[in-house]
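Chemist: Sharing a model prediction with you, sequence too.
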Amino acid sequence: MRTVRFLLTGLGNVGVPLLEILQSRASLLMERYRLELLPVGMADSGGAAVSPNGLDLASVLEVKRAKGSVASLPVVGRPGMSGRALVRDVKADLLLEATPTSLKDGQPGLDITRDALLRGMPAVLASKGPLVLGYAELAAMSDLESPGRPALRFSGAAGAAMPLVSLGRGDLALGKLGRFEGVLNNTSHLLLCRMAEGKTYEAALAEAQALGIAETDPSLDVDGWDTASKLVILANAVMRVPTTLKDVAVTGIRGVTRAELDAARAKGGQVLLLARGEPLGGGKWEWSVRPTGVDAAHPLSRLGAMEMGAVFRSDLHGVNTIINAEQGARGTGAAMLKDVLEIFPD
């Protein structure tokens, strides 16, 4: 059995479900993969907790469910200790990075990831900001561009539970990729589905917030920037085309009309907030995120209100469609653990 000591930065919507999965699947990890994941350090907005012998997951989850900080845990708590300090000062074999995303500067996740890679520590990211704003730099510091350097993986950041990076970068290897299309944000898709059923935007948003799917401020979701961020990650990692948010034409769903919704339904389809990458030739691509009416012939036309999906087209592999009944943050946590198993194979 192999023991991997890990650090976790970010104990919010992704970090807590991740720990819940680890707690429930620890025996399976040992039995099937001969792997023990030992948490030696965690950081949240209030500080950190550190123990070289391993933190007790039950205690961590108890304090987080009570809306507290791990810094308040007896003996192991480190009030005021930042995620960067945790990564710089605590000896570990792996970083799991799940801090809130900033699309302005990529922080704090960008610096945390830099520090881990500089220390030779593999990193698994759920945070999109570091990849959107620093992909080229992080790839050069990792095994993505430099074999022998520490691993960098980020399945959960690009597609939550949908294995888009693995499919596009690995399973479709050697294929010449054509048009990519994806519904990559659950909140905006749920709203469009409910609006198509007759609800107002405001009523649909209230339902999504009551379900815990939409944030109090849903701007990143409904204005298309969360989808655009995921498209930028896929453009860089899968299509291998240097791409930034400025390269993506983005239109959100606030302006979608009843006439547009009804016209799509009349054709057996629906309006989707569709991320699209269109190859133009000569290594150039056109990137967009916008509400798009699709008819019954489109692979994503029957996508359910709680589903996300994507379509890859390849000259060697044909049309590959993946649909996931969205598992939210739990799916992102599961994707992070899948990445861990790739880095530390049996």
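Modeler: Sure thing, it's come through. Numbers count the residues shown, from 1 in each chain.
Chemist: Spatially nearest residue to M42, not counting backbone neighbours?
Modeler: Nearest residue to M42 in three dimensions, chain neighbours excluded: L8, at 4.6 Å (C-beta to C-beta, 6 or more residues apart in numbering). In this view, the C-beta of every residue, glycine as well, is placed from N, C-alpha and C.
Chemist: who touches the helix or strand containing that neighbour?
Modeler: Element membership for L8, per DSSP states H and E: strand 2-9. Applying C-beta atoms under 8 Å, 6 or more residues apart in numbering, the contact partners of strand 2-9 are 15, 18-19, 34-43, 52, 54, 83, 86-87, 90-99, 108-109, 112, 116, 340, 344.
Chemist: Just the ones of those residues in helices?
Modeler: If you go by DSSP state H, the contacts of strand 2-9 have G15, L18, L19, G83, L86, V87, G109, I112, A116, V340 in helices.
Chemist: What's the separation between G41 and M1?
Modeler: 21 Å (C-beta to C-beta, to the nearest Å).
Chemist: Between the two, point out the one with more neighbours.
Modeler: More neighbours surround G41 than the other of G41 and M1, with 28 against 9 (other C-beta atoms under 10 Å).
Chemist: doesn't A48 make contact with that one?
Modeler: Yes. G41 is within contact range of A48, at 6.3 Å (criterion: C-beta atoms under 8 Å).
Chemist: Identify the contacts common to the two.
Modeler: Counting by C-beta under 8 Å, 6+ apart, the common neighbours of G41 and A48 are L86.
Chemist: Spatially central residue in the protein, please.
Modeler: In the chain, the centroid-proximal residue (C-alpha atoms, centre = their mean) is A157; its distance is 2.0 Å.
Chemist: so what's that residue up against?
Modeler: L125, A126, S127, K128, L131, K230, I233, T332.
Chemist: Would you list the phi and psi of it?
Modeler: The phi and psi values for A157, taken as degrees, to the nearest 10, are phi -70, psi -30.
Chemist: before we move on, the earlier item: show me which of the contacts of A157 are buried.
Modeler: Applying 16 or more other C-beta atoms under 10 Å to these, the neighbour count classes L125, A126, S127, K128, L131, K230, I233, T332 as buried.
Chemist: Next one, pLDDT for the first one please.
Modeler: If I follow you right, that is L125. You'll see L125 listed with a pLDDT of 98.
Chemist: Could I get the contacting residues of the nearest residue to it once chain neighbours are set aside?
Modeler: Closest residue to L125 apart from its sequence neighbours, by C-beta to C-beta, 6+ apart: F154 at 4.3 Å. Taking C-beta under 8 Å, 6+ apart as the contact definition, F154 lies against V124, L125, A126, L131, V165, I233, A237, D339.
Chemist: With P130 instead?
Modeler: Contacts of P130 by C-beta under 8 Å, 6+ apart are E97, G106, G109, L110, I112, T113, L138.
Chemist: R258 versus L205, what's the distance?
Modeler: In this structure, L205 and R258 are 16 Å apart, going by C-beta to C-beta.
Chemist: between the two, which one's more packed in?
Modeler: The neighbour count for L205 versus R258, taken as other C-beta under 10 Å, is higher for L205 (21 against 11).
Chemist: name the element that one belongs to?
Modeler: According to DSSP H and E, L205 maps onto helix 201-210.
Chemist: Need the residues that contact that helix.
Modeler: With C-beta under 8 Å, 6+ apart as the criterion, helix 201-210 contacts 187, 190-191, 194-195, 199, 214-216, 218, 222, 253-254.
Chemist: Go through that helix and flag the buried ones.
Modeler: By neighbour count with 16+ other C-beta under 10 Å, helix 201-210 contains the buried residues Y201, A204, L205, A208.
Chemist: Which helix or strand lies directly C-terminal to it?
Modeler: helix 219-222.
Chemist: what's next to the helix or strand just after that following helix, contact-wise?
Modeler: On the C-terminal side of helix 219-222, the closest following helix or strand by DSSP H and E is helix 225-237. Residues outside helix 225-237 that contact it (C-beta under 8 Å, 6+ apart): 101, 103, 128-129, 131-132, 135-136, 139, 144, 154, 157-159, 164-165, 168-169, 180, 182, 184-185, 187-188, 219-220, 241-245, 247-248, 250, 273, 275, 277, 285, 287, 289.
Chemist: List the ones among those residues that fall in strands.
Modeler: Judged by DSSP state E, the contacts of helix 225-237 include F180, G182, V248, V250, L273, A275, G277, W285, W287, V289 as members of strands.
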